[in-house]
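A.B. asks: task: produce atomic coordinates for the following.
(2 chains)
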Amino acid sequence: MSKILIQNGQIIDPANQLDCLGSVAVAEGKIIAVITAPADFTPDLVIDATGHVICPGFIDLSTRLREPGQSRKATFNSEINAAASAGITAMCLQPDTHPVIDNPAVVELIKGLGEQCAYENIYPIAALTYKLAGQELSAMLGLKQADCIAVSNANQPVQNLLVLRRAMEYAASHDLLLMFRPQDLSLSNQGCVHEGAISTRYGLPGIPEAAETIALAQCLELTELTGCRVHFSQLSGWRSIIKIQQAKKYGLKVSADVAMHQLHLTEDDIEPFNSAYHVIPPFRSQKDREALRDALSKGIIEAICSDHQPHDLDAKLGAFPETAPGISALETLLPLMLKLVNEGVCSLSQGIAALTQKPAAIIRQPKGSLSIGACADICVFDPTATWQVTAQNWRSQGKNTPYWGQTLTGKVAHTLQSGEIIFSTTHNIRANRRLLSRNLNHA
Amino acid sequence: MTKNIQLNAEGKLKHFLTIDGLSRPLLTEILDTAESFAAMAGNQVKKVPLLRGKTIVNVFFENSTRTRTTFELAATRLSADVLNMNIATSSTSKGESLLDTIRNLEAMHVDMFVVRHSLSGAAHFMAQNTAPHISVINAGDGQHAHPTQAMLDMFTIRQHKPDLTDLRVAIIGDILHSRVARSQIFALTTLGVKEVRVIAPRTLLPAKVETLGVTVCHDLQAGLQDIDVIITLRLQKERMTSALLPSESEYYKCFGLTQAKLKLAKPDAIVMHPGPINRGVEIDSSVADGPQSVILQQVSNGIAVRMAVLSMAMQNSGEAR
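C.D. replies: Numbers count the residues shown, from 1 in each chain, chains lettered A, B, ... in the order given. Reported below is the predicted structural model:
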């Protein structure tokens, strides 16, 4: 393992309340010095970070790499490439793969896929119920022992509250975190956009906010009843924020995240019948977006996830309601965070914390900081570089983003994972030949 | 809408997908063109050679009688060749995608699609994914739009009440699920009527319906005051099974248009219905067949209005092959 010195950058490490100019020294895969490198440090490689920000690698709380089972949409190879180029050094994988992550064998398969791509920090989320069917419990303990970091029923709500209660009790007995995306299926009623002026104008089936808040309220009651640790994922409505705030005031151990695109886009941004904007939960009103932004700045919502859902072209070709929901979102994560900073929603340090320190705390992993001795998962980015979202600059196999064709600001220059360069615009990558060839093709 | 995909570079109608976003002069042009075709209906020879050599395909993913036959008649009277495809019972049930259907029809060298589909946005999707010389006419997509129906309704209203800006129009019934109502609302507000009033129980009104520029009323008796034009909508049976309404009889009692209720509107009010009618549910037979009803004129006018739309779109489809 090589010794790397990243120098002359603006170091931002919210976990250690650092925001200063300096260097980060890496050896044996660990961070050995921050701000000033030891006098006797003899790096094998020096990365000049002048004009760049040095921060912990990003941790994504909700990602889909589509393998196993849906490699026509994306593969570990394509998405890990995308993640590395986006400064993401850890990803929590949703269990709705084919087969579902409901037994340790699937976890082993997933770990193997990660190893083949020389990417560490793949954190599988176990299914809460067998086959995500919402009826029988998954083998949660076995899944935890196989290194799943949480349980979740992904996008398939557990409709029977008795099953949900028992699943939460069982998860609580093994101190497992439940990641819960609140959605009441009957109220969602096969909707595809926010219920409001836009759904009415275009005759598209709408999803009321209550579809989210009712499920959220039910789960909060069960949190109280069962003592389960719960993290609420991808919130979209302003009244959800009020409920989370109240629950926290009341002492419930809950946390929450929001998908990055929900902090930017609203129903008014939807180009008529453009399936790139088809996402669940749907883009809601201005009021909802402002409440989500406010909640982020006040820490009511701790973390931001990408909610990355790459799709093949066919999945998005059709009449809007029949297209698959979801956005390919790894590569827009950093630029959209910087956009929040530019628009005064949060400070750069807060924005970075929502992608590093906070998610690490939620999943209780010793990650997301530049602490001495910590694993050297580092992102070095240029906060002013612009790039256009085009096929040439895009690595994810899923091209389904509403930002296609747009020019964004903020570009990752180097990504280190456990002290190895897994992405660099200027240096060769040692970790893996496949990644190397891929990255050189893009350079 | 950043750019209206319905219009060509000169701002002329190329596709006809929705009334939303079209200008008053354009809607008036459609009505005026339709007028010239309507005058022909009494002629011995009803055909004109405007679309000779052109092929129009009626692509119906959903069943229809009135709309499809009047489109067919309109195309025939313009001397086009017409092909009817009922896909409701063919390829999509075999798993063929909308895009594949379009590609196959394109390969048959057609000039225009008239499309009906059960999903909102299907006609937009076809217009965006078809060869540039092909025009797409929306014959009803999901709950989104049914623009030719709305235009034939405007045509019928104009026949009876030439100054639309002086009118109060009531639309009664299932606005929520109605593509007809949406297109009517856009047409009426664009043409500058004094008021569009939607009358229905809350379960049959879409969220924030007032953002469409209408006033809302939940009581038929009160809602018919000062009304010049009454449009009743068809009530689908499945609205009862999906808990939107208690029963047909209760609906009839509250929102069914009877002779007695009709008297609450202006004495010269006209009664319209896009069909097919549920007699004794949304409208009483004596009203549907009564002197104020213009329901059958709507059907006749459908041919002239569709001739107007087909000929205008074909003219503006650009790149002739």
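
A.B. asks: residues near A:Val389, how many?
C.D. replies: Around A:Val389 sit 19 other residues, with neighbours defined as other CB atoms under 10 Å in any protein chain shown. The C-beta positions use only the backbone N, C-alpha and C, and glycine is treated the same way.

A.B. asks: how far away is B:Gly69 from chain A?
C.D. replies: For residue B:69 the amino acid is Thr, not Gly. If you measure B:Thr69 against chain A using CB to the nearest CB, to the nearest Å, the figure is 24 Å.

A.B. asks: which helix or strand contains that residue?
C.D. replies: Here B:Thr69, judged by DSSP states H and E, is contained in helix B:66-77.

A.B. asks: for that helix, name the packing helices and strands.
C.D. replies: Of the remaining helices and strands, those touching helix B:66-77 by 3 or more CB pairs under 8 Å, 6 or more residues apart in numbering or on different chains; DSSP states H and E are strand B:55-60, strand B:81-86, strand B:112-117, strand B:135-141, helix B:147-160, helix B:295-315.

A.B. asks: change it to 10 Å
C.D. replies: helix B:24-40, strand B:55-60, strand B:81-86, strand B:112-117, strand B:135-141, helix B:147-160, helix B:295-315 (3 or more CB pairs under 10 Å, 6 or more residues apart in numbering or on different chains; DSSP states H and E).

A.B. asks: least reliable of these by average pLDDT, please.
C.D. replies: Of all the helices and strands packed on helix B:66-77, the minimum mean pLDDT falls on strand B:81-86 (a mean of 90).

A.B. asks: chain center to that one: distance?
C.D. replies: Between the mean C-alpha location of strand B:81-86 and the chain-wide mean there is a distance of 20 Å, by CA atoms, centre = their mean, to the nearest Å.

A.B. asks: same deal with stretch A:322-335?
C.D. replies: When C-alpha coordinates are averaged (CA atoms, centre = their mean), stretch A:322-335 and its chain have centres 11 Å apart.

A.B. asks: quick one on the thing from earlier: looking at the helices and strands packed on helix B:66-77, which is closest to chain A?
C.D. replies: Across the helices and strands packed on helix B:66-77, the minimum distance to chain A, taken as CB to the nearest CB, is reached by strand B:112-117, at 6.5 Å.

A.B. asks: and that closest one, what does it pack against?
C.D. replies: Judged by 3+ CB pairs under 10 Å, 6+ apart, strand B:112-117 is in contact with strand B:55-60, helix B:66-77, strand B:81-86, helix B:98-107, helix B:122-129, strand B:135-141, helix B:295-315.

A.B. asks: export the ones you listed to CSV and append columns for mean neighbour count.
C.D. replies: Output for these, formatted as CSV (neighbours: other CB atoms under 10 Å in any protein chain shown):
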stretch, mean neighbour count
strand B:55-60, 22
helix B:66-77, 21
strand B:81-86, 16
helix B:98-107, 16
helix B:122-129, 24
strand B:135-141, 28
helix B:295-315, 22
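
A.B. asks: quick check: closest non-adjacent residue to B:Pro206.
C.D. replies: Beyond its immediate neighbours in the sequence, the residue positioned closest to B:Pro206 (CB to CB, 6 or more residues apart in numbering or on different chains) is A:Thr200, lying 3.9 Å away.
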